[in-house]
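Q: A predicted structure for the sequence below; I have some questions about it.
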Amino acid sequence: MSAVTAPAAPAPPARSARRRSLRDLLPFDPWHLVLAPLALAFALPLIWLFVSSFMSDAQINRFPPTILPDSLHVTGYDFVIGHALFPRWFLNSTLVSLVTVTSNLVLCSLAAYAFARMRFRGSNVVFGLMMATLVVPFQLTMIPTFLLMKSLGLIDSLGALMVPGLVSAFGIFLLRQFFVSLPRELEEAARIDGCSRLGVLVKVVLPLAKPALTTLAVLTFLTTWNDLTWPLIAISSDHNYTLQLGLTSFQGQHHKEWAAIMAGDVITSVPVLVAFLLAQRTFIQSLTSSAIKG
Amino acid sequence: MPATVASATTSSAPAPSWRRRLFGEHPSAWAFILPSTVLVLGMNLIPMGWAFLLSFKASDLVTPGHWVGMANYRALGHDPNFRSAVGHTLLYSALYVPLSVGGGLAVASMLNRRIRFVGIYRTAIFVPFIMSAAAEGVLFSFVLDPQYGVANSAMHGLGIARQGFLQDPAQALYVLVGIGLWGGLGFCVIVFLAALQDIPKELMEAAAIDGARRWVVFRKIVLPALRPVLIFLLVWQTLDALQLFDLVYATTQGGPLGATTVVVYYVYEQAFQFFHAGYGSAVAYVLALAMFAVGLLRLLGGRVQRWRRERALAPGGAR
Amino acid sequence: MRRWLIIAALLCTAIVAAGCGGGSDNGGTSANGVVTLKFWPGQNDIPKQALDTLVARFNATHPHIHISSDSGGVLADEMLTKVTAALASGSYPDIAYIYGSDLANLARSSKVLDLTDTVNRPSFGWNEFWPAERQAATVDGKVRAIPALTDNLAVIYNPKLFDQAGLPYPKADWTWDDYRAIARKLTNAATGTFGAAWPGAGGEDTTWRLWPMLWQQGGDILAPDGKKAAFDSPQGVGALTLVNQMATVDKSIYVDPDPNSEHMQQLFVNGKLGMLIGGPWSLPDMVAAHEKYGVVQMPGYNGDHTTIAGPDNWVIFDNGGARTQAAITFVTWLTDPAQDVVWDRATQSLPLRRTTLASPAYKAYAKTIVGMDLFAKNLVNARARPTIGTYPQISHAVGEAIVGSLLGRTKPADGLKQAEQSANSALSGAPY
């Protein structure tokens, strides 16, 4: 594991001696003792959800609940996926989320870079105003937002779902925070070479900002994908539902289709999981440019 | 584009263009922020203004409502339910924020090593983050059912007495903190992990060779490198905690006996269940003003710090 | 640079395209005189299918009216929020399904049609509707809605558990003391079985079960003038004390933490609950699970077995003369016995009109589900909650008192006193 170890170092002998013995005692790294139970604690409820999605309605309804399905019932999945509009809902959710993510990445980068690196009159005021928009809860602003969307003629269309989320003040905050922490030398070098401001942003800064950009992308995707309240208010026609909204149609006033609900929860989680797994590669293994350090 | 390059590099241009005079040093800056500004301010300031005006009315949202001036705000001062809502919100935040950020850092440090299965551990800890609050509510109401939930059966097996969990007014809020952490820790872990892996290994190794102890390395190298990420997470988690709603709606609906009524849930209750939208708006604005004040304080604190630092570095200043 | 421009262009196109994909056929009158109506029934699953069939039948037999097929994208649970937003924006449906407890507040809007004259026409048959329904559709003396769905509460019991405990099945004239004794005998901590259950989430489902116990003793929720609360009375305290004793001393009540009261329902289906106070909606799950069950009216005080009904309403909104007339025609047709039976069968609810109850079609249906008959006959015995705008606050206050008693945290008398204070404060117009 430790390819790069310190040479016979003057490390405090007592501690490492104790450590060496623990490591020697176990056939595996002692950190597994902490991480494994932790990971299990986090994963267990979800495993239960996944397993339950393969139970029949009657089995799920068993109270006290059973842990394992007696056989694989895909009725829940059939019900959800077999619904005529399911592909449409999936497409709607995907479209809205992708547009929102792209728009945020583009517009937030531009604005955050301006706030981070450019001095212009009113920059603090505008930034402050943007941050101020984060403090009022959505429950209050949803009705006037609805009225606003109505005046734009967007109600009951995917546009109503996209437009309010095209830029997030929080995304600007996040990226600005990150840009400010980057050393200026690279950017200045590029400017001296004759690069325009936009060029510096695109060619120098953004490649370094992959972790922040990925964070923003994942967060935005997640918030948009899981959103239920706003689509509920803004959309009226079946074919414009998002996936989350469509899934609520399995919950009756007095009767819930549990198998379908569980299957639905699993299905809605899968794309985000996939997105995260893909993003992990940029997230975790981002390399720093060695041009700056050293 | 060539025009901007020209204007940017000619620092000795004879007279500043009208553009420069109007927009300051970087005329292109406004182009950068214009679409975002229009969207954010347009989509938010108008609704916020509408809600602000609403807080001065007695309105049920269904009829026009009439102006009552400061009556709603004055009533807030006497409302015991509002006071407990604020208390619950503060308690939740005081627990959730440090635990999620501190816990996130701790777990990220643990995961920042090459051991087998680390990818699986990472994924397992992050996956709860992607669940929607509604799904979490369903899940945990089953797991934590006082009579038949798996949690109590497990505790029974370990010889611990049955707990009320979400049904016990004394425990409910803490249980919500737990569920919130279950869902939110993974995000902090991932962000910290990315930042930790950005710290060049040479630095850490050099410090180890020099004989520096773990804790010193942490304080002097790791923490400063994590500062931007730390600030970001603190702000994000605080905003999240102060605006808690979805989880309460999906599990306890403010109960039992009002033990989990947080401010935003109280706003929802007032506006959409009791038809006192004006009052609910006043509640929301008090919360907003408080958050704003905190943000302002932090800003001022940052300014003071910077001012002090500049003074210290100025020629002739004491060090 | 070009890459960004392309991305920006794609983005704009996507947004514009999405914006154009909006809006379904809005209500209105077309050139050839066909009136299109927007109908938000808030249903899904089987009830929705039944409504679709009925709507198709109506559209076919009424060529000048067309009910649009888009149902508004919202279920009954969220209907209030959506309708509120719709009213605020000036673009609202023609007909919506509104919970009984929400009508009083919505009715403050002038866009909610006043149907008093309509229902008083002899051809409408207003008196065929049950008293509780008529009350639940009337706000401030004016009829502001037409009943959509009605139900009431009775006791559903598990005969197997009774047999195991050696108890005779409950009789129609049983008292609350009988109920308590039976519950105690049916509770078995070792097997995790309970004799009775009560929703513990503090919402309306927690509260409305107390009212029949109050009414049966001659008490009431509000004073006759409707300006003060009256439930903090010896009758109220007596009723709540019984519940408190059962929960804390006998430990025979399962307190359901689920806001939708699903757990106690499932408990019953799985044979772990002896008696469930429920409505006709509870029966399909048991039929599907092939569980034997019996239905008996609620216990009573002094021979009074008044029960409670929770009717929901069709609210008609004012979108102009042609549309309101068409909407009234549709809703009247919907509540006629022929359609009512289809609706009742799909929603597991009770007949809206006396004439429906007497119709052969309904009688045939009622025979297929054990106990449906009893619920239906009990409608004469059912009372409704007061239709006032502050009812949600009163319900919330009393709900807390009940939960406090169920958990043993507050004494029934103290809880009710505090609830009455909150209720009076709400009735006088304070926000809390």
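A: Great, that's in hand.
Q: residues touching the closest residue to residue C:116 other than its chain neighbours, list them.
A: The shortest distance from residue C:116 to any non-neighbouring residue, by C-beta to C-beta, 6 or more residues apart in numbering or on different chains, is to residue C:143 (4.6 Å). To be clear about C-beta, it is placed using only N, CA and C from the backbone, and glycine gets the same treatment. Residue C:143 sits next to C:114, C:115, C:116, C:118, C:119, C:126, C:134, C:137 when contact means C-beta atoms under 8 Å, 6 or more residues apart in numbering or on different chains.
Q: Filter those residues down to the buried ones, PyMOL style.
A: Those of the contacts of residue C:143 that count as buried under 16 or more other C-beta atoms under 10 Å in any protein chain shown are selected in PyMOL with:
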select buried, chain C and resi 115+118+119+126+134+137
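Q: Helices - which of the contacts of residue C:143 land there?
A: C:116, C:118, C:119, C:134 (DSSP state H).
Q: Which pair of those spans the longest distance?
A: C:118 and C:134 (13.4 Å; C-beta to C-beta).
Q: quick one: the strands in chain B?
A: Per DSSP state E, chain B carries strands over the ranges B:57-58, B:66-67.
Q: So for chain C, which of these sits nearest?
A: Chain C lies closest to strand B:57-58 among those, at 8.5 Å (C-beta to the nearest C-beta).
Q: so does that closest one get close to chain A?
A: No: with C-beta under 8 Å from any C-beta of the partner chain as the criterion, chain A is not reached by strand B:57-58; the gap is at least 13.1 Å.
Q: Can you tell me what sits against that strand?
A: B:65, B:66, B:67, B:68, B:71, B:72, B:276, B:278, B:279.
Q: make it 6 Å
A: Applying C-beta atoms under 6 Å, 6 or more residues apart in numbering or on different chains, the set of residues contacting strand B:57-58 from outside is B:65, B:66, B:67, B:68, B:278.
Q: By neighbours, which of those residues wins?
A: Counting neighbours by other C-beta atoms under 10 Å in any protein chain shown, residue B:278 comes out on top of these with 26 neighbours.
Q: if I pick it, what's in contact with it?
A: Per C-beta under 6 Å, 6+ apart, neighbours of residue B:278: B:54, B:57, B:58, B:59, B:72.
Q: Just give the number of residues close to the first one.
A: The tally of other residues near residue B:54 (other C-beta under 10 Å) stands at 25.
Q: got it, and the second one?
A: Residue B:57 is flanked by 20 other residues according to other C-beta under 10 Å.
Q: So in terms of bridging, what pairs with it?
A: On the basis of DSSP bridges, residue B:57 is bridged to residue B:67.
Q: What separation is there between it and residue B:76?
A: 15 Å (C-beta to C-beta, to the nearest Å).
Q: what's the burial count for the nearest residue to residue B:107 once chain neighbours are set aside?
A: Among residues not flanking residue B:107 along the chain, residue B:189 sits closest, at 4.8 Å (C-beta to C-beta, 6+ apart). Counted with other C-beta under 10 Å, residues neighbouring residue B:189 total 26.
Q: my read: residue B:189 touches residue B:106, true?
A: No: contact criterion C-beta atoms under 6 Å: residue B:189 and residue B:106 do not qualify, at 9.0 Å.
Q: OK, contacts around residue C:112?
A: With contacts defined as C-beta under 6 Å, 6+ apart, residue C:112 is in contact with C:106, C:144, C:315.
Q: Poorly predicted segments of chain C, please.
A: Low-confidence segments of chain C, defined by pLDDT under 70, are located at C:1-31, C:431-432.
Q: domain assignment for it?
A: Annotated domains of chain C cover C:32-150+C:310-383, C:154-309+C:385-427 [automatic domain parsing].
Q: can you give me the strands for chain A?
A: For chain A, strands defined by DSSP E do not occur.
Q: Looking only at residue counts, what's the top helix in it?
A: Criterion DSSP H: the longest helix present in chain A is helix A:86-117.
Q: Reduced to three states, what does residue C:167 come out as?
A: Under DSSP: H, G, I helix; E, B strand; the rest coil, residue C:167 falls in the coil class.
Q: picking up where we left off before, farthest pair within the contacts of residue C:143?
A: That would be C:114 and C:134, which, of the contacts of residue C:143, are the farthest apart (C-beta to C-beta) at 15.0 Å.
Q: Which residues of the stretch 151-294 of chain A lie near chain B?
A: With C-beta under 6 Å from any C-beta of the partner chain as the criterion, the stretch 151-294 of chain A meets chain B at residues A:164, A:166-167, A:169, A:174, A:177, A:181, A:194, A:196-197, A:211, A:226, A:265, A:269, A:272, A:283, A:288, A:293.
Q: Buried ones among these?
A: Applying 16+ other C-beta under 10 Å to those, the neighbour count classes A:164, A:166-167, A:169, A:174, A:177, A:181, A:196-197, A:211, A:226, A:265, A:269, A:272, A:283 as buried.
Q: between the residues you listed, which is nearest chain C?
A: Set against chain C, the nearest of those by C-beta to the nearest C-beta is residue A:166 (7.9 Å).
Q: Give me the neighbour count for the closest residue in space to that closest one that isn't next to it in sequence.
A: Nearest residue to residue A:166, sequence neighbours excluded (C-beta to C-beta, 6+ apart): residue A:103, at 4.4 Å. Using other C-beta under 10 Å, residue A:103 is surrounded by 27 other residues.
Q: Is residue A:103 in contact with residue A:164, as I believe?
A: No: with contact defined as C-beta under 6 Å, residue A:103 does not reach residue A:164; the gap is 11.3 Å.
Q: Now stretch B:259-270: average pLDDT?
A: The average pLDDT within stretch B:259-270 is 93.
Q: tell me how far it is from the chain's mean position?
A: A distance of 18 Å separates the centroid of the chain from that of stretch B:259-270, by C-alpha atoms, centre = their mean, to the nearest Å.
Q: Count the neighbours of whatever residue of the stretch 51-200 of chain A ends up closest to chain C for me.
A: Using C-beta to the nearest C-beta, the closest approach of the stretch 51-200 of chain A to chain C is made by residue A:157 at 2.5 Å. Neighbours of residue A:157 under the rule other C-beta under 10 Å: 23.
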